[in-house]
Each structure stands twice: as structure tokens, then as C-alpha cells.
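Novice: all I have is the shape, not the residue letters:
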């Protein structure tokens, strides 16, 4: 995942695979797996819901609302904390 720091948030890029058995993030492959289908915004909503719950902060999909490749902005978290939390999931 390409990660760009900001003082209050950071932006990362990932590919989304919908219709997966469970929600998870693979940093090595730069993929977010989600259970929901990529129809009617369901996969995007699942991504936002799960990431907000996991990180306990606001999450926004900046680009890629209708595409597999997305840029996701996570507020109030550092790159190091993000990577540490994802690796422990």
C-alpha cells in the first residue's frame, strides 16, 4: 500500500476484492478483502464501517468509489500505528 503521511491523518492505496469469505487487509499484497458485493456501494460501506470500528476513528474513501483501486484516508492515526495494528489483526 502506498502510504502518505499528514500530521493529522494519512492516505493509503489498496485494491479491493469483494465477495471474500471474511474482511481483512493484506499489507504485502496491498489488498482489502471484503465480504460484501461490489454492487450498490455495499463493499465501500463495509470497508468504511470495518476500518472505523478497527481504528476507532473516521475513515473516508477519497477516490475509487466505483473502482477496485481506492485511496482511503484515515484520520488521527500515524503510519506506524496503522501498520502495527494491521499486522496484529
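Specialist: Yep, it's here. This structure is a prediction, so every number in the text was calculated from the model and none was measured.
Novice: in stretch 57-70, what's buried?
Specialist: 59, 61, 64, 70 (16 or more other CB atoms under 10 Å). (C-beta placed from N, C-alpha, C; glycine too.)
Novice: assign a three-state SS to the last one, would you?
Specialist: Judged by DSSP: H, G, I helix; E, B strand; the rest coil, the three-state class of residue 70 is strand.
Novice: leaving out chain neighbours, which residue sits closest to it?
Specialist: In space, and not counting its chain neighbours, residue 70 is closest to residue 64: 3.5 Å by CB to CB, 6 or more residues apart in numbering.
Novice: report the contact partners of the one you found.
Specialist: 16, 70, 71 (CB atoms under 8 Å, 6 or more residues apart in numbering).
Novice: pretty sure residue 22 contacts residue 35?
Specialist: Yes: using CB atoms under 8 Å, residue 22 makes contact with residue 35 at a distance of 6.4 Å.
Novice: wait, what's in contact with the closest residue to residue 26 other than its chain neighbours?
Specialist: Excluding its sequence neighbours, the residue lying closest to residue 26 (CB to CB, 6+ apart) is residue 33, at 7.0 Å. Shown in contact with residue 33 (CB under 8 Å, 6+ apart): 16, 17, 20, 21, 22, 23, 24, 25, 26.
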